[in-house]
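1. Quick check, what structure comes out for this input:
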Amino acid sequence: MFPFWESIVAPVIRATGAKRFVEIGALRGETTVKMLADLGDDAELHVIDPVPEFDPSVHERRFGGRYVFHRDLSLNVLEHIGAMDVALIDGDHN
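-> Sure, this is the predicted structure:
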């Protein structure tokens with residue numbers, strides 16, 4: 001999703017005025033950082049990844065209460081985080 005952030009994903013998200021996001025599958029956290037940096041201080045991002053290739057505590061320190069990391073499967077987390085405005089689902093695991 002990261003390669004399409006500027007051209008497709010971010011403009012669509014901005015147009016919706018969404019504030020609560022969930023990212024399912026974060027890999028190295030590149031899209032995570034773009035989202036938190038671009039979407040404003042009132043955006044809240046929940047990231048779900050059972051085996052991230054980055055240190056989530058770095059994002060927790062940098063983005064404070066706007067970032068919530070869940071080291072688990074999405075099926076175990078989604079029912080507990082409440083309604084989201086936007087869900088980004090990384091399905092490209094080829």
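2. So which residues of the protein form helices?
-> Defined through DSSP state H, the helices belonging to the chain, from first to last, are 10-16, 30-38, 56-63, 74-77.
3. The lowest-mean-pLDDT helix or strand in the chain - contacts with which helices or strands?
-> Counting by mean pLDDT, DSSP states H and E, the weakest-scoring helix or strand in the chain turns out to be helix 30-38, with a mean of 87. Using 3 or more Cβ pairs under 8 Å, 6 or more residues apart in numbering; DSSP states H and E as the contact definition, the elements that helix 30-38 packs against are strand 20-24, strand 44-48, helix 56-63. Every residue, glycine included, has its C-beta placed from N, CA and C.
4. Nearest to Ala87, out of those?
-> With respect to Ala87, and counting by Cβ to Cβ, the nearest of the helices and strands packed on helix 30-38 is strand 20-24 at 5.0 Å.
5. quick one: strands adjacent to that closest one?
-> Taking DSSP bridges as the criterion, strand 20-24 forms sheet pairs with strand 44-48 (parallel), strand 86-89 (parallel).
6. can you put these in TSV and add mean pLDDT and distance to Ser57?
-> Shown next, in TSV, are the strands paired with strand 20-24 (pLDDT from 0 to 100; distance: least, Cβ to Cβ, whole Å):
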stretch	mean pLDDT	distance to Ser57
strand 44-48	95	12
strand 86-89	92	21
